[in-house]
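[1] sequence and predicted structure below; questions after.
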Amino acid sequence: MVHVAVVSDEPDTVGMIRKVCGEFMRSQGLSLGFVSYENSYVFLQEVENRKKFFEIVFLDTSVRGMNAVDTASALRKMPEKPALVFLSATDGYCMDAFRLAAVHYLVTPLSEKEALEGLRRGIAFVERDWHRQMVFKMAEGEAVVDLSTLEAVVSDDHHQVLCLTDGRQLEVRGRMRQLEERLADASPFLFISPCRGILVNGNEISEIRPDRVVLKSGRILPVAQRKYEAFRLRVGRFVGEEDWEA
């Protein structure tokens with residue numbers, strides 16, 4: 001699923017981007033999570049409090065709340081850095097957009113072609129980020145893992161087992177807490193704990209039950225009863241389905 005946010009109080013702009021995103025994602029066989037905000041303060045608060053997660057953000061420079069440059073600067077300081085598309089009625093923010101590594105700058109009002117180009121650039125950024133790699137220490141040597149293939153981590157005392165989407169398991173050294181912190185800092189994915197000693201990639205979850213979580217590969221991992229409700233809600237926010245059914 002690709003999570004897209006539009007921070008704009010212009011209904012025509014929001015409607016155009018929503019339409020283009022929906023049509024493009026369906027054509028690519030991708031799921032879409034789409035949220036719009038009329039105030040940048042509300043948007044930033046939800047992102048900072050991890051109530052919402054977005055890979056692509058369309059940011060209107062005229063939106064109410066915090067100014068667009070400060071909003072974009074705050075996003076750039078977060079562990080999960082979304083692809084940023086600036087929207088403006090003028091070209092006055094071009095240098096700011098360049099400095100803040102925006103993937104595109106669009107002048108409103110938008111055409112469908114322009115909105116699609118902004119989305120395509122955002123998707124390209126996300127796909128590069130999805131394949132971010134991390135080096136793990138093993139008993140002998142090191143392993144380089146594409147984080148898009150890491151579906152879960154299971155703790156075994158001072159060793160952690162990396163469960164990959166192709167069915168392989170790699171035993172690496174280090175404590176779970178240290179590994180969790182590394183993933184939080186570097187991974188483009190949200191790794192969530194359903195019980196002590198286990199982390200699962202939120203992007204790989206297909207089903208949640210009170211006693212277990214089922215991954216897309218078919219792998220089943222336990223869910224602690226005391227963690228179930230918080231785990232279910234956090235996954236729901238991540239995938240854009242806050243009423244995720246058990």
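    Okay, I see it.
[2] got the domain ranges for the protein?
    The domain map for the chain lists 2-130, 133-239, with the assignment taken from automatic domain parsing.
[3] switch these over to TSV; also include mean neighbour count and mean pLDDT.
    Just so you know, the C-beta spots here come from the backbone N, C-alpha and C atoms, and that holds for glycine as well. Listed next are the domains of the chain as TSV, based on neighbours: other CB atoms under 10 Å; pLDDT from 0 to 100:
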stretch	mean neighbour count	mean pLDDT
domain 2-130	18	91
domain 133-239	16	89
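[4] got a list of what the residue lying closest to Glu151 once chain neighbours are set aside touches?
    With CB to CB, 6 or more residues apart in numbering as the measure, Glu204 is the residue that lies nearest to Glu151, at 4.2 Å, once sequence neighbours are left out. With contacts defined as CB atoms under 8 Å, 6 or more residues apart in numbering, the neighbours of Glu204 are 151-152, 165, 215-217.
[5] for Asp156, same thing?
    With contacts defined as CB under 8 Å, 6+ apart, the neighbours of Asp156 are Glu171.
[6] where's it relative to Ala186, distance?
    Relative to Ala186, Asp156 is positioned 22 Å away (criterion: CB to CB, to the nearest Å).
[7] same check on Glu151?
    For Glu151, the distance to Ala186 - CB to CB - is 17 Å.
[8] report the two of the contacts of Glu204 separated the most.
    The distance between the two most remote of the contacts of Glu204 (CB to CB) is 11.0 Å, for Ala152 and Lys216.
[9] looking at this protein, which residue lies furthest from center?
    Taking CA atoms, centre = their mean as the measure, the residue most remote from the mean C-alpha position of the chain is Glu140, 32.8 Å away.
[10] who's in contact with the closest residue to Arg64 other than its chain neighbours?
    Beyond its immediate neighbours in the sequence, the residue positioned closest to Arg64 (CB to CB, 6+ apart) is Asn39, lying 4.9 Å away. For Asn39, the residues meeting the contact criterion (CB under 8 Å, 6+ apart) are 9, 63-65.
[11] again with Val63
    For Val63, the residues meeting the contact criterion (CB under 8 Å, 6+ apart) are 7-9, 37-40.
[12] from those, which land in helices?
    Applying DSSP state H to those, the entries found in helices are Ser40.
[13] filter the contacts of Val63 down to the ones in strands?
    Within the contacts of Val63, residues falling in strands by DSSP state E are 7, 37.
[14] from the contacts of Val63, which is closest to Asp146?
    Within the contacts of Val63, distances to Asp146 taken as CB to CB reach their minimum at Val7, with 31.0 Å.
[15] quick one: residues contacting the closest one.
    Contacts of Val7 were listed using CB under 8 Å, 6+ apart, and they are 36-37, 40, 43, 57-60, 63, 71.
[16] just the closest of the residues you listed to Phe24, please.
    Ranked by distance to Phe24 (CB to CB), these are led by Phe58 at 13.5 Å.
[17] many thanks, we can stop here.
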